[in-house]
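K.L.:
predicted coordinates and the sequence they were generated for:
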Amino acid sequence: MTSQHLSPSAARRVYLTLSFTRWFPVGLVVGLVTLLPLARGLTVAEALTASAVSGWVVFALELPTSGLADALGRRPVFVAAAVVNVAAGLVYLVAHSFWTFALAAFLTGVFRALDSGPLDAWFVDTVHASEPGADVGRALSAQGTMLGVAIATGALISGALVWWHPIASQPALFLPFLLLVALNVVHLVAVLVLLKEPRTHVDVTGARRALQSAKEAPAVVRDGLGMLRANRILRGLVMVEVFWSIAMVVFETFQPIRLAQLVGSQTEAGALMGPVASAGWAVFALGAALAGVSSRRIGLARTAILARVLNSLGAVVMGLVAGPAALVTAYLFTYGLHGTGGPAHSALLHREAHARNRATVLSMNSMMMFSAYSVAAPLLGLLADHTSNQVAMVTAGLVSVLGVLCYLPARRHERRAALAAQEPLSV
């Protein structure tokens, strides 16, 4: 059987199944990746520096690997990603030093770079092979829902596993990572069995195309930088990612650290992070839905500005509160606004992109996010070690709110466009 013989409904089933097997294991450790190195003796600065390696690897590989799936086929790249994912989980399972955690983050970065795109591309190509031009929007939306459900379910189970702690000889955080490795293997097997693709002549040509893609990466970066120099609105939108990423360090990384500090142990925080992360994904989805309503009422730029301000202030509040219930409440508020900002920001980016450069625009935005996060996380970790977690969180939130200034060119453009649309046509 090849992907050409799959009906759109069969391809959809494979697509959603592999999406679940890909993301469910992530939910098991979504709040624990930061807690595990702390529980094994690393400082906050060391833990955040090690985790930042993943972002740098994705930044370095995103463009060089962008042509691999086209050149070598979607299946080989997705299989390679699944293999690397198993290796990353194994290293996390045995890591006890800064360098082993950095290696785990490195492998995770390689996995993310390889994993980004091949499954979506396989699904769209498979559907269009039998129904050219068919709308796949509903299936892509269903995949987003499946992703959220998978992570939320995994997070709830993870919390229960930490509370249960059936392996007395190992720390309570060990079992979710052990299950992560097992389920990553299940995902690899599922990919090998379910993801079928026609054979293509890629032995020489595919390798050459992949090598050419890597060689062209610097030119793509130069083209992207040229676009940023020429387009003030686009430059502002991409720069927003710098400030957004600083806030992300607070609600993605410092949240479990601060929770552990408030409840007294990484184990108890790990158990609580299951239901907290699950609720976080729920409010994220609600925030994304509210973005559509807000954009229709007040415009995309205003929605993005409001989300950026409130998300940043939420990060500040997370650093100021003194109890676990208040911290979780502030986290849910902040994460909901994170969900609101995403669709508005993405829509503004698409306004500035064209068919010939859309992928480059999205890649530049993504690369800025990864690089900014990877710089900010270690620096805030050092600040936390020399002052306190709260000082680092409040500082990050206050700096993040400055990102609203980067939206002003888009807001002015949107206002001018609205005024122009209201002017009567000249006779």
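P.N.:
On my side now, so go ahead. Numbers count the residues shown, from 1 in each chain.

K.L.:
quick one, what contacts Val394?
P.N.:
For Val394, the contact set (CB atoms under 8 Å, 6 or more residues apart in numbering) comprises 316, 319-320. For every residue, glycine as well, the C-beta is placed using N, CA and C.

K.L.:
look up how far Ala326 lies from it.
P.N.:
Val394 sits 14 Å away from Ala326, going by CB to CB, to the nearest Å.

K.L.:
then Gln170?
P.N.:
Distance of Gln170 to Ala326, given as CB to CB: 32 Å.

K.L.:
list the helices and strands the helix or strand harbouring Arg415 packs on?
P.N.:
Element membership for Arg415 (DSSP states H and E) is helix 408-422. Other helices and strands packing on helix 408-422, by 3 or more CB pairs under 8 Å, 6 or more residues apart in numbering; DSSP states H and E, are helix 232-248, helix 300-320.

K.L.:
and for the first one, what's in contact with it?
P.N.:
Contacts with helix 232-248, where a contact means CB under 8 Å, 6+ apart, come from 227-229, 304, 308, 311-312, 315, 334, 338, 341, 345, 348-349, 352-353, 361, 364-365, 368-369, 372-373, 376, 380, 396-397, 399-403, 406-410, 413.

K.L.:
next structured bit after that helix?
P.N.:
Scanning forward in sequence from helix 232-248 by DSSP H and E, the next helix or strand is helix 255-263.

K.L.:
may I have that next one as PDB, with CA atoms only?
P.N.:
Presented in PDB, the C-alpha positions along helix 255-263 are these (Å, rounded to 0.1, in the frame of the first residue of the first chain):
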ATOM      1  CA  GLN A 255       6.100  28.300  36.600                       C
ATOM      2  CA  PRO A 256       7.100  24.800  37.800                       C
ATOM      3  CA  ILE A 257      10.200  26.100  39.500                       C
ATOM      4  CA  ARG A 258       8.200  28.700  41.500                       C
ATOM      5  CA  LEU A 259       5.500  26.100  42.200                       C
ATOM      6  CA  ALA A 260       8.000  23.700  43.700                       C
ATOM      7  CA  GLN A 261       9.400  26.600  45.800                       C
ATOM      8  CA  LEU A 262       5.900  27.300  47.200                       C
ATOM      9  CA  VAL A 263       4.800  23.800  47.900                       C
END
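
K.L.:
please pick the buried ones from the contacts of helix 232-248.
P.N.:
Neighbour counting with 16 or more other CB atoms under 10 Å marks 227-228, 304, 308, 311-312, 315, 334, 338, 341, 345, 348-349, 352-353, 361, 364-365, 368-369, 372-373, 376, 380, 396-397, 399-401, 403, 406-407, 409-410, 413 as buried within these.

K.L.:
in strands only, show me those.
P.N.:
Among the buried ones among the contacts of helix 232-248, DSSP state E puts none in strands.

K.L.:
so where does the residue lying closest to Leu382 once chain neighbours are set aside fall, helix or strand?
P.N.:
Nearest non-adjacent residue to Leu382, counting by CB to CB, 6 or more residues apart in numbering: Ala45, 4.7 Å away. Assigned by DSSP H and E, Ala45 belongs to helix 44-61.

K.L.:
can you give me the offset of that helix from its chain's centre?
P.N.:
The chain centroid and the centroid of helix 44-61 are separated by 14 Å under CA atoms, centre = their mean, to the nearest Å.

K.L.:
hmm, who's touching it?
P.N.:
Contacts to helix 44-61, defined as CB under 8 Å, 6+ apart, come from residues 33-34, 37-38, 42, 98, 101-102, 104-106, 108-110, 112-114, 249, 253, 257, 367, 370-371, 373-375, 377-378, 380-382, 384-385, 389.

K.L.:
weed out the non-buried ones from the residues you listed.
P.N.:
By neighbour count, with 16+ other CB under 10 Å, these hold 33-34, 37-38, 42, 98, 101-102, 104-106, 108-110, 112-114, 249, 253, 257, 367, 370-371, 373-375, 377-378, 380-382, 384, 389 as buried.

K.L.:
hey, C-alpha coordinates of stretch 229-245 in CSV?
P.N.:
Written as CSV, here are the backbone C-alpha positions of stretch 229-245 (Å, rounded to 0.1, in the frame of the first residue of the first chain):
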residue,chain,number,x,y,z
ARG,A,229,15.3,45.9,6.4
ALA,A,230,12.8,46.9,3.7
ASN,A,231,9.6,46.3,5.6
ARG,A,232,9.2,48.2,8.9
ILE,A,233,6.0,46.5,9.8
LEU,A,234,7.4,43.0,9.3
ARG,A,235,10.6,44.0,11.2
GLY,A,236,8.4,45.1,14.1
LEU,A,237,6.4,41.8,14.0
VAL,A,238,9.5,39.7,14.1
MET,A,239,11.0,41.7,16.9
VAL,A,240,7.9,41.1,19.0
GLU,A,241,9.1,37.5,19.3
VAL,A,242,12.1,38.7,21.3
PHE,A,243,9.9,40.2,24.0
TRP,A,244,7.3,37.4,23.8
SER,A,245,10.0,34.8,24.3
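
K.L.:
so how far is that stretch off the chain centroid?
P.N.:
In terms of CA atoms, centre = their mean, the centre of stretch 229-245 is found 18 Å from the chain centre.

K.L.:
so for that stretch, mean pLDDT?
P.N.:
For stretch 229-245, mean pLDDT is 93.

K.L.:
now do stretch 282-295
P.N.:
The average of the pLDDT scores along stretch 282-295 is 86.

K.L.:
dump it to PDB, restricted to CA.
P.N.:
C-alpha atoms of stretch 282-295 as PDB (Å, rounded to 0.1, in the frame of the first residue of the first chain):
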ATOM      1  CA  ALA A 282      -7.700  24.400  27.900                       C
ATOM      2  CA  VAL A 283      -7.500  28.100  28.600                       C
ATOM      3  CA  PHE A 284      -4.900  28.400  25.700                       C
ATOM      4  CA  ALA A 285      -7.600  27.000  23.400                       C
ATOM      5  CA  LEU A 286     -10.200  29.400  24.900                       C
ATOM      6  CA  GLY A 287      -7.800  32.300  24.400                       C
ATOM      7  CA  ALA A 288      -7.200  31.400  20.800                       C
ATOM      8  CA  ALA A 289     -11.000  31.300  20.200                       C
ATOM      9  CA  LEU A 290     -11.400  34.700  21.800                       C
ATOM     10  CA  ALA A 291      -8.800  36.100  19.400                       C
ATOM     11  CA  GLY A 292     -11.100  35.600  16.500                       C
ATOM     12  CA  VAL A 293     -13.900  37.400  18.300                       C
ATOM     13  CA  SER A 294     -11.700  40.300  19.400                       C
ATOM     14  CA  SER A 295     -10.100  40.600  15.900                       C
END
